[in-house]
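Colleague: With the input below, show me the fold.
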Amino acid sequence: MPEFFNVLAPDRAKELLLGHTGHRTKVDRITTFRALGRVTSSSVFAPHDLPSFRRSSMDGYAVKALDTFGASNSLPAILTVVGEVAMGSTAKVVLAAGEASLIHTGGMIPPDADAVLQIEHTQTVESKDASQLPFEIEVYRPVAVGQNILMVGEDVQEGSEVLPDGHYLRAQDIGGLLALGITEIQVYTTPTIAIIATGDEIIEPTGDLDYGQIRDINSYTIASLVSQNGGIPEICGIVNDDFDSLLEAASTALHGHDMLVITAGSSVSVRDMTVQVIDRLGDPGVLLHGVATRPGKPTVLGVVEGKPILGLPGNPVSAMVQFLVLGVPAIFRLQGAKRTPTKGSVRARVSRNVPSASGREDYVPTRLIETSEGLVAEPVFGKSNLIYTLVNAAGLLKVPINRNGFEAGEWVEVLLF
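Modeller: I've put the predicted structure just below:
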């Protein structure tokens with residue numbers, strides 16, 4: 001068997017996997033308030049205009065703009081305040097020429113007014129008690145028609161699409177839906193992800209170690225990433241290095257879940273069974289064995305009946321990095337998301353040289369240090385079986401595929417955990 005028979009760049013590998021992921025989760029109708037982090041299964045349309053009435057965008061006075069024309073500090077305009085708009089009710093104040101009405105942010109604009117004058121640009125005449133109506137104000141700046149007014153439908157017009165299908169719902173989206181009175185929404189159900197660990201040397205974390213044994217941490221790291229990114233993980237246990245046992249476990253797990261992750265077994269060796277198992281599960285089977293990254297080059301990607309399958313290396317850093325790069329996008333594709341939500345990144349100056357090889361995308365665990373000269377990225381170098389290189393890191397320094405590394409002092413991108 002050749003070492004890697006069809007290695008692809010990470011972006012192309014992701015496109016290949018997502019392009020074959022045809023399976024979708026079912027649809028739920030849930031309370032909008034509970035929909036944070038879910039994905040819309042259909043477009044959402046505005047049931048009415050927003051705002052549904054003309055309203056003030058600040059505290060001040062509702063006026064006729066023409067009455068403030070030419071106002072200045074040296075020659076203020078004089079207006080008579082004849083009323084106040086009560087919050088939460090229809091504006092009943094009638095304005096004649098030269099008159100104004102007190103109004104507060106969000107208040108309804110009186111029918112005769114066409115602008116709102118900021119209270120900071122006015123002063124009551126002769127220190128008269130402004131709580132007693134009517135009273136006069138001096139106006140030191142003019143306003144234009146429509147100034148400081150939110151017009152009907154300025155935010156959203158009735159019947160317009162406010163959210164497309166496949167949209168990942170954020171906090172502001174929840175607020176926008178509730179502003180329109182949309183208290184329920186259709187979303188894709190949360191995908192379930194089966195996780196299998198393989199290896200004769202692997203034991204449960206609760207077990208006492210004997211020589212040559214290691215605790216299964218990959219299952220729990222991957223399960224945590226699944227939960228963090230909107231999926232439901234199910235740890236299906238540890239399978240020994242036996243082809244029939246792994247095939248049976250994988251077939252059962254895939255049948256009852258939306259996605260399958262197998263950790264270990266993807267390194268090329270006489271014990272490598274992941275590729276053969278995935279190909280036996282159904283069509284199209286294995287799509288790719290080998291991704292042009294470090295760590296995690298021997299990752300296996302497959303799809304069976306539209307469901308994605310990942311064969312991850314056993315080294316914990318490799319497994320976590322590859323699941324972030326390939327597994328997380330697959331979780332969102334299962335829910336019909338148009339794109340994978342970004343989790344954030346920062347730019348910083350790297351503290352030391354970071355070597356790399358052109359044609360390979362590297363991910364280096366990195367600390368972030370605040371200094372008087374700005375943010376500094378300090379690489380945490382270590383082999384891919386050392387989990388504490390990730391524990392001691394704030395994110396991953398990404399070395400693009402066309403770079404031969406970075407020199408100390410260069411600006412780099414750090415993908416935050």
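
Colleague: Where do the helices of the stretch 151-300 of the chain begin and end?
Modeller: Listed in chain order, the helices of the stretch 151-300 of the chain (DSSP state H, counting those that start in this stretch) span 171-179, 218-228, 243-255, 274-281.

Colleague: Redo the ones you listed as a markdown table? Include mean pLDDT and distance to Ile30.
Modeller: (Each C-beta comes from the backbone N, C-alpha and C, glycine too.) As requested, the helices of the stretch 151-300 of the chain are arranged in a markdown table below (pLDDT from 0 to 100; distance: least, Cβ to Cβ, whole Å):
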| stretch | mean pLDDT | distance to Ile30 |
| --- | --- | --- |
| helix 171-179 | 97 | 12 |
| helix 218-228 | 97 | 18 |
| helix 243-255 | 96 | 26 |
| helix 274-281 | 94 | 32 |
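
Colleague: Quick check: which of the ones you listed is buried the most?
Modeller: helix 274-281 (a mean of 21; mean count of other Cβ atoms under 10 Å).

Colleague: Tell me where the longest strand sits in the chain.
Modeller: strand 361-371 (DSSP state E).

Colleague: Quick check: buried residues in that strand?
Modeller: 361-368 (16 or more other Cβ atoms under 10 Å).

Colleague: what about stretch 185-194, how long is it end to end?
Modeller: Taking Cα to Cα, to the nearest Å, stretch 185-194 runs 27 Å from one end to the other.

Colleague: Tell me how many other residues crowd Arg30.
Modeller: Let me fix one detail, which is that residue 30 is Ile and not Arg. 13 (other Cβ atoms under 10 Å).

Colleague: on that earlier part again, just curious, which of the buried residues of strand 361-371 is nearest to Thr32?
Modeller: Relative to Thr32, the closest of the buried residues of strand 361-371 is Leu368; by Cβ to Cβ it sits at 35.6 Å.

Colleague: Isn't that closest one up against Ala348?
Modeller: Yes - the criterion here is Cβ atoms under 8 Å, and Leu368 meets it with Ala348 at 6.2 Å.

Colleague: shared neighbours of the two, which are they?
Modeller: Common contact partners of Leu368 and Ala348 (Cβ atoms under 8 Å, 6 or more residues apart in numbering): 375-377, 414.

Colleague: Mark which of these are buried, thanks.
Modeller: 376-377, 414.

Colleague: what's the closest of those to Gly153?
Modeller: Of these, the one sitting nearest to Gly153 (Cβ to Cβ) turns out to be Val414, at 42.3 Å.

Colleague: Tell me which helix or strand that closest one sits in.
Modeller: strand 411-416 (DSSP states H and E).

Colleague: Next, the buried residues of that strand.
Modeller: Buried residues in strand 411-416 (16+ other Cβ under 10 Å): 412, 414-415.

Colleague: now for that strand, which elements pack on it?
Modeller: strand 345-350, strand 361-371, strand 395-399 (3 or more Cβ pairs under 8 Å, 6 or more residues apart in numbering; DSSP states H and E).

Colleague: Name the strands paired with it and say parallel or antiparallel.
Modeller: Strand 411-416 pairs in its sheet with strand 345-350 (antiparallel), strand 395-399 (antiparallel), by DSSP bridges.

Colleague: now the ones you listed in a markdown table, with distance to Ile174, mean neighbour count and mean pLDDT?
Modeller: Below are the strands paired with strand 411-416 laid out as a markdown table (distance: least, Cβ to Cβ, whole Å; neighbours: other Cβ atoms under 10 Å; pLDDT from 0 to 100):
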| stretch | distance to Ile174 | mean neighbour count | mean pLDDT |
| --- | --- | --- | --- |
| strand 345-350 | 24 | 17 | 96 |
| strand 395-399 | 27 | 23 | 95 |
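
Colleague: To Asp216, which of these lies closest?
Modeller: strand 395-399 (22.9 Å).

Colleague: now the angle from that closest one to strand 361-371?
Modeller: Interaxial angle of strand 395-399 relative to strand 361-371 (axes from the mean of the first three to the mean of the last three Cα atoms, to 10 degrees): 120 degrees.

Colleague: Go ahead and name everything in contact with strand 395-399.
Modeller: 321, 324, 345-346, 350, 354, 356, 361-366, 368, 377, 379, 405-406, 412-417.

Colleague: Help me confirm that Ile217 comes into contact with Val317.
Modeller: No - using Cβ under 8 Å, Ile217 is not in contact with Val317, being 10.9 Å away.
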